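structure for the following, please:
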Amino acid sequence: MSLTEDKIVVGIVVMIAAQFLLTGTDVSAKWLALAGVPALQIAFIRYLVHFAISASYYLPRAGRVAFRSNNPGREIARSICLIFITVFNFVALKFFPISVTTTISFATPLVVTILAIPLLDERVSVAQVGAVALGFLGVLVVVQPWGNSLHPAIFLSLCVLLCSSVYFLLTRSLAGTDSNATMQLWSSGIATVVLFPAAMAVWVWPNGIQVWLILGAIGFFGGTGHTLVATAHRFAKASTLAPVIYIQIFFATAAGAIVFSAMPTASTILGAAIIVVSGAIGWRQMTFRLKAPHPAIETRRGLTNNGLKRDTDEDK
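Residues are numbered from 1 along each chain as shown. Coordinates of the predicted model:
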């Protein structure tokens, strides 16, 4: 196995570990919500510890320059989206199994594909549009809006889906201007500051050492999980790591069964399968387009009179 292949394997393993920890964030949030801790308080602790972890990790390496952003407006907008994502998701977790909220969130790349057309002026193939349509069918199977038992909290999960899509588009637009350290410090720092007064207004002192431990764990899971996601991208390409996130469905299902004795319904399993298939189609189309030769490169390379490509300095 080559050194490059070794790095790819490391990246995949690190990404799997990140998804495991991020599942731990949802498990902790649901447990705390059922224990009576307000969602705003849970979110505040989650980002307070996340900021502490990010600061201790990035500042010794980059110094105060890590706080310097080339686009503060987008950083603030991205952080606000993240706050809505976290709070809405934590509230929804009180009413739904982790497998349901996780499955719905996996439709985010599909929504990003559609929103990237008007917002980032990206071109989307017919196959990608078909994958998005298939993905939305999977979400409908999970949500089941035609049923009489539709809980109003499901709209919170759908808001999480929309906010997550905008969040990832903002992240993509910032990728070329701000470092990962800057994005991590801004997102967790702004969330901590914004959520502080709201958390104090509803603060409930934890009753028992177990609640304190889970509150600390949720911040550790979130902060370390996001740090590992960034680390994984140092070893492997985003297109290679993208399918790995679907392993979180299995982590969420197992955690729901073990911790909360909640087995996924047939509709959740079917919807998850449809979303995974649609995501695989979209990912395949994306990698195909990335591997396709750029027209400008082909023009520079040129062709000889007998139809064979002419060697240039770029080919050597």
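
which residues in the stretch 151-300 of the chain form helices?
Assigned by DSSP state H, counting those that start in this stretch, the stretch 151-300 of the chain shows helices spanning 154-174, 180-201, 209-232, 238-241, 247-260, 266-291, 295-301.

wait, Leu162 touches Val111, no?
Yes - Leu162 is within contact range of Val111, at 6.8 Å (criterion: C-beta atoms under 8 Å). Using the backbone N, CA and C atoms, a C-beta is placed for each residue, glycine as well.

quick one: which of the two has more around it?
Val111 (20 against 16; other C-beta atoms under 10 Å).

quickly find the element holding the more buried one.
Element membership for Val111 (DSSP states H and E) is helix 108-120.

what is that helix packed up against?
The elements that helix 108-120 packs onto, with contact taken as 3 or more C-beta pairs under 8 Å, 6 or more residues apart in numbering; DSSP states H and E, are helix 126-143, helix 154-174, helix 266-291.

same list (the helices of the stretch 151-300 of the chain) but as JSON lines, adding distance to Phe88 and mean pLDDT.
Shown next, in JSON lines, are those (distance: least, C-beta to C-beta, whole Å; pLDDT from 0 to 100):
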{"stretch": "helix 154-174", "distance to Phe88": "4", "mean pLDDT": "86"}
{"stretch": "helix 180-201", "distance to Phe88": "13", "mean pLDDT": "94"}
{"stretch": "helix 209-232", "distance to Phe88": "15", "mean pLDDT": "87"}
{"stretch": "helix 238-241", "distance to Phe88": "26", "mean pLDDT": "69"}
{"stretch": "helix 247-260", "distance to Phe88": "17", "mean pLDDT": "86"}
{"stretch": "helix 266-291", "distance to Phe88": "19", "mean pLDDT": "74"}
{"stretch": "helix 295-301", "distance to Phe88": "43", "mean pLDDT": "42"}
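
out of those helices, which is closest to Arg68?
helix 180-201 (6.8 Å; C-beta to C-beta).

re the thing from before, for the helices and strands packed on helix 108-120, which one sits closest to Phe106?
When these are compared by C-beta to C-beta, helix 266-291 sits nearest Phe106, at 5.1 Å.

which SS class is Phe96?
Look at Phe96: counting by DSSP: H, G, I helix; E, B strand; the rest coil, its state is coil.

ramachandran coordinates for it?
phi -130, psi 150 (degrees, to the nearest 10).

wait, it touches Ser157, no?
Yes - using C-beta under 8 Å, Phe96 is in contact with Ser157, at 7.0 Å.

now the common contact residues for the two.
Common neighbours of Phe96 and Ser157 are not found (criterion: C-beta atoms under 8 Å, 6 or more residues apart in numbering).

what's the separation between the nearest residue to Glu75 once chain neighbours are set aside and Thr171?
Nearest residue to Glu75, sequence neighbours excluded (C-beta to C-beta, 6 or more residues apart in numbering): Trp186, at 4.4 Å. Distance, Trp186 to Thr171, by C-beta to C-beta, to the nearest Å: 11 Å.

same check, this time on Tyr58
Relative to Thr171, and taking C-beta to C-beta, Tyr58 is found at 17 Å.

try Leu161
Counting by C-beta to C-beta - Leu161 and Thr171 are separated by 16 Å.

comparing these two, which residue is more hemmed in?
Using other C-beta under 10 Å, the more surrounded residue of Leu161 and Thr171 is Leu161, with 21 against 18.

ok, that one to Ile53 distance?
For Leu161, the distance to Ile53 equals 27 Å [C-beta to C-beta].

list the contacts of Thr268.
Taking C-beta under 8 Å, 6+ apart, one finds Pro97, Ser99, Val100, Thr103, Val142 in contact with Thr268.

by neighbour count, which of the residues you listed wins?
Thr103 leads those on contacts (other C-beta under 10 Å) with 31 neighbours.

what mean pLDDT does the helix holding Val111 have?
Average pLDDT, helix 108-120: 75.

that helix to helix 126-143, inter-axis angle?
130 degrees (axes from the mean of the first three to the mean of the last three C-alpha atoms, to 10 degrees).

which residues does Leu48 contact?
In this structure, Leu48 makes contact with Thr192, Gly219, judged by C-beta under 8 Å, 6+ apart.
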